[in-house]
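A.B. asks: sequence and predicted structure, then a few things I'm wondering about:
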Amino acid sequence: MRSRTVAIAAASALLALTVGAPPAAAAPDPGSPVKVNQVAYVPGLTKQATVVSSSAAPIGWTLRNAAGATVASGQTTVKGADALSGDTVHIADFSAYDTPGSGYVLSAGGSDSYPFDISAAPVKQLRYDSLAFFYHQRSGIAIESQYVGSRYARPAGHVGVAPNQGDTSVPCRANCGYSLDVRGGWYDAGDQGKYVVNGGIAAWQLLNIYERAANVAGSDRAALGDGTLAIPERANGVPDVLDEARWEVEFLLRMQVPDGRTDAGMVHHKIHDENWTGLPMRPEADPQRRLLSPVSTAATLNLAAVAAQAARIWRTIDPAFSARALAAAQKAYTAAKANPSRLASGTDSTGGGAYDDSNVSDEFYWAAAELFTTTGGASYRTDVTGSSLFKGASFNQRGYDWGWVGGLGDTTLALVPNGLPAADVAATRAKFATFADGLLSQMAAQGYPAPNGGTTYNWGSDGQIANNAAVLGLAHDFTGLAKYRTGAFQTLDYLLGRNPLNQSYIAGYGEKAVRNVHHRFWANQSDASLPTAPPGSLSGGPNSGLQDPVAQAQLGGCKAQKCFVDDIGAYSVNEVAINWNSALASLASWAADHTGTILPQDTTPPTVPGTPVASDVTATGLRLTWAASGDPESGVTGYEVRRVSGGTSTVVATTTTASVSLTGLTPATAYTFVVAARNGAGLTSAASAPVAVTTADPPADARPTTPGLPVASAVTSTGFTLTWPASTDDNGVTGYEIHRRQGDALSVLATSTGPSVVLSGLVPNTEYILMVRAKDTAGQFSLLSAPVTVRTPPTPTGGCKVAYSTNGWSTGFTGNVTITNNGPAAWTSWTMTFAFAGDQRVTQGWSGRWTQTGSTVTVTNEAWNGAVPAGGTVSLGFNATYTGANLNPTAFTVNGTTCT
């Protein structure tokens, strides 16, 4: 992964300590000159192999079955010199032979290939094995043998069981005044860090596998259903791919800064060990302290995008989770717009990769696209259509990866009904085809076709190749053209062995599959008691950069596609990562759906739905029903229900049936709705005739009953607790107002959601006449309760001393406070209060828990400095902002006593 390279020196030193210095060995043996997909070619599709040969003329090839009988033969096509491998190659095409079977061997020039099958079954299995990778990578949960077998089972990692320090209360690497519970999620790669920008694209791709199947005709939706993966949630009634993705989404939500804190709504960039973890190291045995890196705009927008995507998917599956995800997404997007340039540091690479990104315009576009698709909100629509990346422009630079995510937004806008004009959706889809055409042009010139997108192979090239192949797949979905499907399956051929090294880059698949990936648990090469990589794990693949000592020793001067060695120490070419496996899972799921006959391209939209009929009309909802559309070519996949207002049309609901219930409408309001159908080719019908309907008037609502007489307790010089018998209301009480009467005037002193409130910051030796009234869901108030009169006692003096000093600058200052216990008894805890004379605001405090209401500042002790003996002192401090004069506070109290 690109930004992991900044940690090369530290990781290299670590490897020298753990696996020994790399030997000065020769480059990997490329094996037989006949390079094939070692697993399976799919019946009905192109079947090609690459043969290394310097012959200027075609050479003969034969195909033999498992019994050794020749079943097909032919002549190669001379390809010539191949720049990416350095080989001189021919192409053997045996597509005409289509009999399913196993143990086939292709021979050419006196050499045999590895055996392979002609079958769709392995491709379908790869869908599940590539997704199984994520359960293996889960943090915060035991990986159980009933799902993975005893070899791969392990206890839960990072849950605070010794020697583990856990992820349940993780502080910031740079002090932020709080710790977060960030348990769960997926370990990112071979290390045990968790990175939001990598988790974001990986979770999105798993969710997109589900959304693509829901919106593309011919997809095998049942193949993604509940019970299809070996995970603990396999019998909960929810598709397993969603259960697995939610494990990561829940972690991403926990990385958001909570309300009331500096940077609330922003998202921490990552969390990992304080220093690089040793190798090997089982997760539950990791003894290091875990730390949060600072927030970043990129991480915040990743959460906004993925949480918005999750919100629409879970809208009917789990409405509560959907609402929580959407609230977090909207909060994150607002925070990111307020902090558009909080970029992750490229030097934050102690213990984990930096994942720095200097351009977040693509993240803003992606997040806006997801929020617009989920909500239909006008502001999000404006941000989408006003972006320089709108309608697929990000594909002018490259495809997509963790650091360039505009194409993810385009995928959603091209796949999921969203209310954009049909012309804009068509233009976006056309960009997929244009980019795919460029990939096919590059592949046509290669001896070992792989859509890398360029001539340089970088860290994680296999992940980029799989992502580009997924674009080829979508281009096929959008156009129906067979050439894109051929390119996507040729990519699988490359990953499964048709490459210069005869190397299957997917563990468990092929005669020469990767085993020794860089991983702290799948570390059999370092410790024979540990397992090798499980089936379906994708290696990072060739990398011309050679940023590790093993690759440098064995691969110096390598051609791009030969810069690979299957060694645990070769982390720059042989690590695994969640975003690479999510790319493979996306490609494998698409491929599993396309192992049958190629469907003709559908160019005809569905028929127009019937005029909607409104029923069950209430003040806030109604039901619409219409005559269904038809589409003989690719079938009707769903409907968009649009509200028409003036000259605009906004999608308010989508459904797969010819009826829908609308909720959340405004009472006594006129609405106009139309319906449009969408087919499996993504074509949308014309809108139906409109239906006009007016919601009912709101029902009469009685105001709440009068609260009972308030009672005061725990009275001190500056506060007390007020409690009263609760009100009742036909639709529910939402809260209470506590009013103070001074002469004939009433003022709201406080509010409460329940029949009790703690009042603080009151004036000593003062009379308070208080009454309470309730408020209901309609905003109606009850009558005021009978009054209660309470007098606060005078402030006791003596027993403490406070020294206060400041060091300031133009807009802020640091305050230093020393508290002395002058009383005869020790304190077991303390609370200090004081009031600023100006507009000073505390922004950060230490050695105490600081809060500020208006000008009043309250500080309570931390767990470690609450005990102060008689005559003892405690020091604390804070940073603050101000304008004008910075006058010192004139009075301090500790535990309700005024200090000298």
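C.D. replies: Thanks, I have the structure now.
A.B. asks: spell out the secondary structure type for the residue nearest to the spatial centre of the chain.
C.D. replies: Nearest residue to the geometric centre of the chain (CA atoms, centre = their mean): G200, 2.7 Å. Using DSSP: H, G, I helix; E, B strand; the rest coil, the structure places G200 in helix.
A.B. asks: ok, the closest residue to it other than its chain neighbours - contacts?
C.D. replies: Of all residues not flanking G200 in the chain, N302 sits nearest, at 3.1 Å (CB to CB, 6 or more residues apart in numbering). (C-beta placed from N, C-alpha, C; glycine too.) Contacts for N302 (CB atoms under 8 Å, 6 or more residues apart in numbering) come out as V196, V197, G199, G200, I201, L252, V267, E363, A367, V405.
A.B. asks: could you confirm N302 falls within a strand?
C.D. replies: No - counting by three-state DSSP, N302 falls outside a strand, being helix.
A.B. asks: with T428 as the reference, measure out to it.
C.D. replies: 21 Å (CB to CB, to the nearest Å).
A.B. asks: just the helices in the stretch 201-350 of the chain please.
C.D. replies: 240-254, 297-313, 319-338 (DSSP state H, counting those that start in this stretch).
A.B. asks: CA atoms only: put the longest one into PDB for me.
C.D. replies: Think helix 319-338. The C-alpha trace of helix 319-338 is given here as PDB (Å, rounded to 0.1, in the frame of the first residue of the first chain):
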ATOM      1  CA  PRO A 319     -34.300   1.100  10.900                       C
ATOM      2  CA  ALA A 320     -32.600   2.000  14.100                       C
ATOM      3  CA  PHE A 321     -29.200   1.200  12.800                       C
ATOM      4  CA  SER A 322     -30.000   3.000   9.500                       C
ATOM      5  CA  ALA A 323     -31.000   6.200  11.400                       C
ATOM      6  CA  ARG A 324     -27.800   6.000  13.600                       C
ATOM      7  CA  ALA A 325     -25.700   5.600  10.500                       C
ATOM      8  CA  LEU A 326     -27.300   8.400   8.600                       C
ATOM      9  CA  ALA A 327     -27.000  10.800  11.600                       C
ATOM     10  CA  ALA A 328     -23.300  10.000  11.800                       C
ATOM     11  CA  ALA A 329     -22.800  10.400   8.000                       C
ATOM     12  CA  GLN A 330     -24.500  13.800   8.000                       C
ATOM     13  CA  LYS A 331     -22.600  15.000  11.100                       C
ATOM     14  CA  ALA A 332     -19.300  13.800   9.500                       C
ATOM     15  CA  TYR A 333     -20.000  15.500   6.200                       C
ATOM     16  CA  THR A 334     -20.800  18.800   7.900                       C
ATOM     17  CA  ALA A 335     -17.700  18.500  10.000                       C
ATOM     18  CA  ALA A 336     -15.600  17.800   6.900                       C
ATOM     19  CA  LYS A 337     -16.900  20.800   5.100                       C
ATOM     20  CA  ALA A 338     -16.000  22.900   8.100                       C
END
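A.B. asks: ok and it relative to helix 297-313, angle-wise?
C.D. replies: 150 degrees (axes from the mean of the first three to the mean of the last three CA atoms, to 10 degrees).
A.B. asks: got the angle for helix 319-338 vs helix 240-254?
C.D. replies: Using the same axes, to 10 degrees: helix 319-338 against helix 240-254 is 50 degrees.
A.B. asks: average pLDDT across helix 319-338?
C.D. replies: Mean per-residue pLDDT for helix 319-338: 96.
A.B. asks: beyond that helix, next helix or strand please.
C.D. replies: helix 361-375 (DSSP states H and E).
A.B. asks: what is that next one packed up against?
C.D. replies: The contact analysis (3 or more CB pairs under 8 Å, 6 or more residues apart in numbering; DSSP states H and E) places helix 361-375 against helix 297-313, helix 319-338, helix 378-385, helix 406-415.
A.B. asks: roughly how far does L530 sit from F521?
C.D. replies: L530 is 6 Å from F521, by CB to CB.
A.B. asks: ditto for L709
C.D. replies: Applying CB to CB to L709 and F521 gives a distance of 65 Å.
A.B. asks: residue ranges with poor pLDDT in this protein?
C.D. replies: 1-26, 596-602, 634, 680-681 (pLDDT under 70).
A.B. asks: for it, longest helix please?
C.D. replies: Using DSSP state H to define each element, the chain has its longest helix at helix 422-444.
A.B. asks: returning to what we had before: ok, L709 and F521, which is more surrounded?
C.D. replies: Neighbour tally, L709 and F521, criterion other CB atoms under 10 Å: the higher count belongs to F521, 25 against 13.
A.B. asks: related to what we said a few turns ago, relative to Y210, which of the helices and strands packed on helix 361-375 is closest?
C.D. replies: Closest of those to Y210 is helix 297-313, at 6.6 Å (criterion: CB to CB).
A.B. asks: show me where the stretch 151-300 of the chain has strands.
C.D. replies: 170-171, 179-180, 194-195, 267-268, 270-273, 290-292, 295-296 (DSSP state E, counting those that start in this stretch).
A.B. asks: relative to L106, which of these is closest?
C.D. replies: Of the strands of the stretch 151-300 of the chain, nearest to L106 by CB to CB is strand 194-195, at 42.0 Å.
A.B. asks: for the closest one, packing partners?
C.D. replies: strand 270-273.
A.B. asks: any buried residues in the strand it packs on, and which?
C.D. replies: By neighbour count with 16 or more other CB atoms under 10 Å, strand 270-273 contains the buried residues K270, I271, H272, D273.
A.B. asks: same question for stretch 122-139.
C.D. replies: 122-139.
A.B. asks: restricted to strands, list the residues you listed.
C.D. replies: Counting by DSSP state E, none of the members of the buried residues of stretch 122-139 fall within strands.
A.B. asks: for the residue of the chain most remote from its centre, what are phi and psi?
C.D. replies: The centre of the chain is farthest from one residue, G743, which by CA atoms, centre = their mean lies 57.5 Å away. Per-residue torsions, G743: phi 70, psi -120 (degrees, to the nearest 10).
A.B. asks: measure it to I769 for me?
C.D. replies: In terms of CB to CB, G743 sits 10 Å off from I769.
A.B. asks: pull the CA atoms of stretch 164-172 into CSV?
C.D. replies: The C-alpha trace of stretch 164-172 is given here as CSV (Å, rounded to 0.1, in the frame of the first residue of the first chain):
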residue,chain,number,x,y,z
ASN,A,164,-3.4,-7.3,25.5
GLN,A,165,-4.2,-3.7,26.4
GLY,A,166,-7.3,-3.7,24.2
ASP,A,167,-9.2,-1.3,22.0
THR,A,168,-12.0,-0.5,24.4
SER,A,169,-10.5,2.7,25.8
VAL,A,170,-7.9,4.0,23.4
PRO,A,171,-6.2,7.4,24.0
CYS,A,172,-4.9,9.8,21.4
